[in-house]
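S.K.: The following comprises the amino acid sequence and a computationally predicted model.
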Amino acid sequence: MERYTFIAEYRGGTYTSQYDVENLEDGLKLWAENLDLKYFSKSKKEKIIAETKDRDLFPVELDGIKNTWCASYLRGKFELLLNIVKTAID
(Lines give C-alpha, C1' and ligand atoms only; values in the text may rest on other atoms or scores of the structure.)
Protein backbone atom coordinates (compact mmCIF):
# COMPACT_ATOMS: atom_id res chain seq x y z
CA MET A 1 0.00 0.00 0.00
CA GLU A 2 1.00 3.58 -0.62
CA ARG A 3 -0.19 6.72 1.13
CA TYR A 4 -1.06 9.79 -0.91
CA THR A 5 -1.82 13.23 0.47
CA PHE A 6 -4.20 15.36 -1.62
CA ILE A 7 -4.04 19.14 -1.22
CA ALA A 8 -6.80 20.94 -3.09
CA GLU A 9 -7.14 24.70 -3.41
CA TYR A 10 -10.60 25.91 -4.38
CA ARG A 11 -12.36 29.26 -3.98
CA GLY A 12 -9.93 30.53 -1.35
CA GLY A 13 -9.92 27.35 0.72
CA THR A 14 -7.38 24.58 1.11
CA TYR A 15 -8.68 21.03 1.61
CA THR A 16 -6.37 18.18 2.58
CA SER A 17 -6.99 14.44 2.73
CA GLN A 18 -5.01 11.19 2.72
CA TYR A 19 -5.70 7.73 1.34
CA ASP A 20 -3.85 4.42 1.61
CA VAL A 21 -4.25 2.75 -1.77
CA GLU A 22 -2.46 0.52 -4.26
CA ASN A 23 -1.61 3.36 -6.67
CA LEU A 24 -2.19 7.00 -7.56
CA GLU A 25 -5.11 6.22 -9.85
CA ASP A 26 -7.00 4.49 -7.02
CA GLY A 27 -6.21 7.39 -4.70
CA LEU A 28 -7.46 9.96 -7.19
CA LYS A 29 -10.71 8.04 -7.56
CA LEU A 30 -11.21 7.90 -3.78
CA TRP A 31 -10.34 11.57 -3.41
CA ALA A 32 -12.95 12.62 -5.99
CA GLU A 33 -15.65 10.32 -4.62
CA ASN A 34 -15.11 11.64 -1.09
CA LEU A 35 -15.32 15.35 -1.87
CA ASP A 36 -17.43 16.94 0.83
CA LEU A 37 -20.74 18.35 -0.43
CA LYS A 38 -20.36 20.99 2.28
CA TYR A 39 -17.72 22.61 0.03
CA PHE A 40 -18.65 21.35 -3.45
CA SER A 41 -22.10 21.26 -5.00
CA LYS A 42 -23.33 17.89 -6.23
CA SER A 43 -22.92 19.00 -9.86
CA LYS A 44 -19.35 20.26 -9.26
CA LYS A 45 -18.47 17.00 -7.51
CA GLU A 46 -19.88 14.98 -10.42
CA LYS A 47 -17.90 17.10 -12.88
CA ILE A 48 -14.67 16.58 -10.91
CA ILE A 49 -15.29 12.81 -10.78
CA ALA A 50 -15.77 12.78 -14.55
CA GLU A 51 -12.65 14.90 -15.12
CA THR A 52 -10.49 12.58 -12.98
CA LYS A 53 -11.44 9.73 -15.34
CA ASP A 54 -10.19 11.68 -18.36
CA ARG A 55 -6.66 10.46 -19.15
CA ASP A 56 -5.81 13.88 -20.64
CA LEU A 57 -6.46 15.46 -17.24
CA PHE A 58 -4.56 12.90 -15.16
CA PRO A 59 -2.14 14.52 -12.68
CA VAL A 60 1.33 15.18 -14.07
CA GLU A 61 4.50 14.54 -12.13
CA LEU A 62 6.34 17.71 -11.17
CA ASP A 63 9.76 18.10 -12.78
CA GLY A 64 12.65 17.58 -10.40
CA ILE A 65 10.48 16.68 -7.40
CA LYS A 66 10.00 12.99 -6.67
CA ASN A 67 6.59 11.57 -5.78
CA THR A 68 4.62 14.76 -6.43
CA TRP A 69 1.91 15.48 -8.97
CA CYS A 70 -0.35 18.36 -9.93
CA ALA A 71 -3.69 18.60 -11.73
CA SER A 72 -6.28 21.23 -12.47
CA TYR A 73 -10.03 20.66 -12.57
CA LEU A 74 -13.09 22.85 -13.08
CA ARG A 75 -11.18 25.28 -15.26
CA GLY A 76 -13.14 28.48 -15.56
CA LYS A 77 -14.34 30.96 -12.99
CA PHE A 78 -13.39 28.76 -10.03
CA GLU A 79 -10.49 26.45 -10.81
CA LEU A 80 -9.55 23.62 -8.49
CA LEU A 81 -5.79 23.12 -8.18
CA LEU A 82 -4.83 19.70 -6.85
CA ASN A 83 -1.36 18.83 -5.56
CA ILE A 84 -0.63 15.21 -4.64
CA VAL A 85 2.30 13.90 -2.61
CA LYS A 86 3.15 10.24 -2.06
CA THR A 87 3.82 10.44 1.65
CA ALA A 88 4.42 6.80 2.61
CA ILE A 89 5.29 3.51 1.00
CA ASP A 90 4.84 0.10 2.63
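M.R.: Structure received. Residues are numbered from 1 along each chain as shown.

S.K.: List phi and psi for the residue most central in space within the chain.
M.R.: Residue closest to the average C-alpha location in the chain (C-alpha atoms, centre = their mean): Leu82, at 4.9 Å. Leu82 has phi and psi values of phi -120, psi 120 when expressed as degrees, to the nearest 10.

S.K.: ok, now which ones touch it?
M.R.: For Leu82, the contacting residues are 6-9, 31, 59, 70-73, by C-beta atoms under 8 Å, 6 or more residues apart in numbering. C-beta here means a position set from N, CA and C on the backbone, and glycine is covered the same way.

S.K.: rerun that using 7 Å as the cut-off
M.R.: 6, 8, 59, 70-71, 73 (C-beta atoms under 7 Å, 6 or more residues apart in numbering).

S.K.: In this structure Leu80 contacts Tyr73, no?
M.R.: Yes - Leu80 is within contact range of Tyr73, at 4.5 Å (criterion: C-beta atoms under 7 Å).

S.K.: quick one: common contacting residues for those two?
M.R.: Ile48.

S.K.: any idea of the pLDDT on the residue nearest to the centre of the chain?
M.R.: What the model reports as pLDDT for Leu82 is 97.

S.K.: would you list every one of the strands in the chain?
M.R.: 2-10, 13-21, 60-61, 68-73, 80-89 (DSSP state E).

S.K.: Out of those, which gets the lowest mean score?
M.R.: Looking across the strands of the chain, the weakest by mean pLDDT turns out to be strand 80-89, at a mean of 92.

S.K.: So what are the sheet partners of that one and their directions?
M.R.: Its sheet considered, strand 80-89 pairs with strand 2-10 (antiparallel), strand 68-73 (antiparallel) by DSSP bridges.

S.K.: For Gln18, which of those is the nearest?
M.R.: With respect to Gln18, and counting by C-beta to C-beta, the nearest of the strands paired with strand 80-89 is strand 2-10 at 5.0 Å.
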